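*Asks:* Sequence and predicted structure, then a few things I'm wondering about:
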There are 2 protein chains.
Amino acid sequence: MRQSQLFTKTRREAPKDEVAVNARLLTRGGFIFKNSAGIYTFLPLGLRVLEKIEKIIVQELNALGAQKILMQAMVDKKYMEPTARWDLDVGFFALDDKPRRQGVGAPTKASEEANFVLGWTHEEVLTAIAAEYISSYKDLPFAAYQIQTKFRNEPRAKSGLLRGKEFMMKDLYSFHADNRDLQRYYGEVKEAYLRIFKRCGLDAIYTTAAGGMFTTGNTHEFQVLSDVGEDMILMCLKCNYAENREISELKDADKCPKCGGNVAEKHSIEVGNIFPLGTKYSAALGLEYVDELGVKQPVVMGSYGIGISRLIGAIAEISNDANGIIWPDSVSPFKVHLIVLDDRKEEAEKLYNELTDQGIEVLYDDRSDKTAGEKFADADLIGCPWRVVVSNKTLDKNSVEIKKRNEKVAKLVPLDKVVASMI
Amino acid sequence: MRQSQLFTKTRREAPKDEVAVNARLLTRGGFIFKNSAGIYTFLPLGLRVLEKIEKIIVQELNALGAQKILMQAMVDKKYMEPTARWDLDVGFFALDDKPRRQGVGAPTKASEEANFVLGWTHEEVLTAIAAEYISSYKDLPFAAYQIQTKFRNEPRAKSGLLRGKEFMMKDLYSFHADNRDLQRYYGEVKEAYLRIFKRCGLDAIYTTAAGGMFTTGNTHEFQVLSDVGEDMILMCLKCNYAENREISELKDADKCPKCGGNVAEKHSIEVGNIFPLGTKYSAALGLEYVDELGVKQPVVMGSYGIGISRLIGAIAEISNDANGIIWPDSVSPFKVHLIVLDDRKEEAEKLYNELTDQGIEVLYDDRSDKTAGEKFADADLIGCPWRVVVSNKTLDKNSVEIKKRNEKVAKLVPLDKVVASMI
């Protein structure tokens, strides 16, 4: 893409009301735009990152045999009442769909009693759907997931993409004949999650945690270490065994109960969580199957979430320097930031075409009204992994300058070797 | 995909509360699941159709240079007030994000005054975003679009995917220095829209219409003829010139004002609309640019919508027979429905692998507990364009039976020619 065509521009200064590093860098780079506290638009660069992460997740979950669906934001009271999650009276958005006549009960004053909640999770909805299709042990196991917008009325929406009122989530639900099969799948999802985070450039720590609003038993979180993280975990520095402080009996400097290594207390960001739900939702919503002996049994369930927009925030918090974000190759909006200086458009255009012909994603800074300094600053701020500079200085040697975003030193590469070096 | 793994099943009967043909067929085939009136989950088959249409739209709009973004469902009052669309008091969902304490002002009774609306369109939001980035004539023109969930509180949500409370929409917005440039782009979008609908198997009729809640001037709709359509258009049977009855002075059997042909009144479904907005939104939200002479000017805008979920409903209404949907190749969940009979799994598996290795999307009915009749009925109901049957009858001749969904007669194709005939 030609940067002259990109409708967003970078900003020298972050908005004054943004305190979180991720929001400051992502806003300055033109990845996101803040509409209201905790509500962000994904601009072209930001959406490219979001879609790359989605693609990684889809690949990994399809490989687990999970089937992609799309549920809806408006969740009917009828689904949430049976599990007693309708009456949870903090943190959610409720609304009603009663018809209004002109001038009567204007929706700007939604005073009627609510009969919908904006979905903050979909266990109930999918359990009710599954009840239409599952009747026999032969129908099990199965798993379905969606990538969909979620809503929570966060009072402390000051952390950029780490804590949104509206955010993008991947939620996966699995259905099993018994707990043993759930545990098998739970383990597979754990491994898939660790691969997903690794592919997104993050080292996630598998952490035992409380069930929250989902289940009474223990659950597991995927935490990435970050000083700005709102979570605290106690982790073994040797074997990485970790517990969320909320449930942990460990203290800083304790010995690891698994390997005897040293335990340390760390700030972290939760980027995913998995819940062995058991039969809580299936029992409440009547999801049963008939087993091999003809006996009705409740279906055993698991639920598994990844906050995709939060993941972007986490990467921006963790992978940056004073000049901007440092995107991992896998999720960068573009692989290459190609910069032309000194009016050497002919050579730059040719290189741009050669790279894109090879399927390499290039952000091409073709702007003629920017200085070299401005272009370099933008490249650092936007943070693509490779910066390629076409300028007089090196074209005289029939070469271009290539620098990795996370390295200090550039190298000269002959013009006719650039494409090959990028594939 | 193996049909034995698909967690949905077809249904012999449509739900009693569904009257619309599209909802009945899509539900029976396992494409959608009704959660509430006007609120549907896209099941694996339905989501495949949705994503194929999205892909077509993305291709065509990217070719117009439009940039993909993602705005949010919760639209702040601050955006809608300047254009006086906050006080529209019918048809929308309002809510508030005031923090609640446990037991106080439970969101099940959202009685506080609303400060958000669930987005039913995004002119205001994107205009406000553009105001951050647009300052000079050099920044124009540009266009941005999103594929995003929209919300309208439809009192008559009885038409399946044709009229939803929550639905998937593609909305494109363009920004120009003057009306002439808007008209140029408007024409390009018109052509792109006609291509999009054609690629989705629909003959859309470009129709002059009223501005609705978007603009005071005339706008244009894309209508497809259908007896169940809620719109009425007066169209020339010779040149296809058409006007929405709401604004037309033409009557049935009049002569066409353009070519003198015969005008007929027809029911139709609106699948897209385009609006020359002028400066209504830019003026209200302060989106100006400085022209070549240094003079401040309001930006001229256009807005362009396609109801993607409605499009699926329209295709199902228009392209079906007594046995089910007949998907156009381009948007079918799978190209081939491969059916194995008589326990000839070995040959069928081989063919399944050969087809999928060639990138052909195959729904493989590998179920061993279904009769031939049940499998054929399912294939008709799901409606993939090609049905391939592997059975004793034809394998004896070293062939399989191939039938197009929209044709009555099957033909025999030698086993080793099947893949080639499908590419």
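*Replies:* Structure's in. What do you need?

*Asks:* and A:Val413, bridged to which residues?
*Replies:* Applying DSSP bridges to A:Val413 gives these bridge partners: A:Val400.

*Asks:* err, A:Asp321, not the other one
*Replies:* In this entry, A:Asp321 is beta-bridged to A:Gly324, by DSSP bridges.

*Asks:* From A:Gly46, how far out is it?
*Replies:* 20 Å (C-beta to C-beta, to the nearest Å). For the C-beta atoms, the positions are set from N, CA and C on the backbone; glycine is no exception.

*Asks:* List the residues that contact A:Thr27.
*Replies:* The neighbours of A:Thr27, taking C-beta atoms under 8 Å, 6 or more residues apart in numbering or on different chains as the test, are A:Arg11, A:Ala14, A:Pro15, A:Glu18, A:Phe33, A:Lys34.

*Asks:* Surely A:Leu161 is within a strand?
*Replies:* No - checked against DSSP: H, G, I helix; E, B strand; the rest coil, A:Leu161 lies outside a strand; its state is helix.

*Asks:* re the thing from before, so which of the contacts of A:Thr27 also contact chain B?
*Replies:* A:Phe33 (C-beta under 8 Å from any C-beta of the partner chain).

*Asks:* what helix or strand is the closest residue to chain B within the stretch 201-350 of chain A on?
*Replies:* At 9.7 Å from chain B, A:Ser309 is the closest residue in the stretch 201-350 of chain A, using C-beta to the nearest C-beta. Element membership for A:Ser309, per DSSP states H and E: helix A:308-318.

*Asks:* Kindly provide the whole-number mean pLDDT of that helix.
*Replies:* Regarding helix A:308-318, the rounded mean pLDDT is 98.

*Asks:* Which elements pack onto it?
*Replies:* helix A:21-28, helix A:44-63, strand A:166-176, strand A:219-225, strand A:263-278 (3 or more C-beta pairs under 8 Å, 6 or more residues apart in numbering or on different chains; DSSP states H and E).

*Asks:* In strands, which of the contacts of A:Thr27 appear?
*Replies:* A:Phe33, A:Lys34 (DSSP state E).

*Asks:* wait, which of the contacts of A:Thr27 is closest to chain B?
*Replies:* Nearest to chain B among the contacts of A:Thr27 is A:Phe33, at 5.1 Å by C-beta to the nearest C-beta.

*Asks:* That closest one reaches A:Tyr40, doesn't it?
*Replies:* Yes - look at A:Phe33 against A:Tyr40 with C-beta atoms under 8 Å: they come within range, at 6.5 Å.

*Asks:* who's more crowded, those two?
*Replies:* A:Tyr40 (29 against 24; other C-beta atoms under 10 Å in any protein chain shown).

*Asks:* possible to save the helices and strands packed on helix A:308-318 as CSV with mean pLDDT and distance to B:Val290?
*Replies:* CSV is the format used below for the helices and strands packed on helix A:308-318 (pLDDT from 0 to 100; distance: least, C-beta to C-beta, whole Å):
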stretch, mean pLDDT, distance to B:Val290
helix A:21-28, 98, 24
helix A:44-63, 98, 24
strand A:166-176, 98, 34
strand A:219-225, 97, 45
strand A:263-278, 96, 43
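
*Asks:* out of the ones you listed, which comes closest to A:Asn406?
*Replies:* Closest to A:Asn406 of the helices and strands packed on helix A:308-318, according to C-beta to C-beta: helix A:21-28, at 15.0 Å.

*Asks:* what about the closest one, distance to the chain center?
*Replies:* Distance, stretch centre to chain centre, for helix A:21-28: 16 Å (C-alpha atoms, centre = their mean, to the nearest Å).

*Asks:* Equivalent analysis for stretch A:363-370, please.
*Replies:* Stretch A:363-370 has its C-alpha centroid displaced from the chain centroid by 30 Å (C-alpha atoms, centre = their mean).

*Asks:* per-domain residue ranges of chain A.
*Replies:* Chain A breaks down into these domains under automatic domain parsing: A:21-321, A:334-422.

*Asks:* which of A:Asp321 and A:Gly46 has more neighbours?
*Replies:* Neighbour count, other C-beta under 10 Å: between A:Asp321 and A:Gly46, A:Gly46 has more, with 25 against 11.

*Asks:* Would you check that that one makes contact with A:Leu26?
*Replies:* Yes - under the criterion of C-beta under 8 Å, A:Gly46 makes contact with A:Leu26 at 6.6 Å.

*Asks:* Identify the contacts common to those two.
*Replies:* A:Ile32, A:Ile312.

*Asks:* Show me how far the helix or strand where A:Ala130 lies is from its chain's centre.
*Replies:* Using DSSP H and E, A:Ala130 falls within helix A:123-133. Computed by C-alpha atoms, centre = their mean, the separation of helix A:123-133 from the middle of its chain amounts to 25 Å.

*Asks:* and the following helix or strand past that helix, what's its mean pLDDT?
*Replies:* Note on helix A:123-133: by DSSP H and E, the next helix or strand toward the C-terminus is strand A:142-151. Mean pLDDT, computed over strand A:142-151, is 98.

*Asks:* do stretch A:243-258 as well
*Replies:* Stretch A:243-258 shows a mean pLDDT of 95.

*Asks:* Pull the residues that contact it.
*Replies:* By C-beta under 8 Å, 6+ apart, the residues outside stretch A:243-258 that reach it are A:207-210, A:218, A:221, A:223, A:231-236, A:238-239, A:241, A:261-265.

*Asks:* Could you pull up the residues touching the residue lying closest to A:Ala14 once chain neighbours are set aside?
*Replies:* Among residues not flanking A:Ala14 along the chain, A:Arg24 sits closest, at 3.6 Å (C-beta to C-beta, 6 or more residues apart in numbering or on different chains). Counting by C-beta under 8 Å, 6+ apart, A:Arg24 touches A:Ala14, A:Pro15, A:Glu18, A:Gly160.

*Asks:* Next, work out how far apart A:Ser309 and A:Asn22 are.
*Replies:* Taking C-beta to C-beta, one finds A:Ser309 at 10 Å from A:Asn22.

*Asks:* same check, this time on A:Ala264
*Replies:* 24 Å.

*Asks:* again with A:Val263
*Replies:* In terms of C-beta to C-beta, A:Val263 sits 28 Å off from A:Asn22.

*Asks:* can you check A:Asp96 too?
*Replies:* Counting by C-beta to C-beta - A:Asp96 and A:Asn22 are separated by 35 Å.

*Asks:* Many thanks, I have nothing further to ask.
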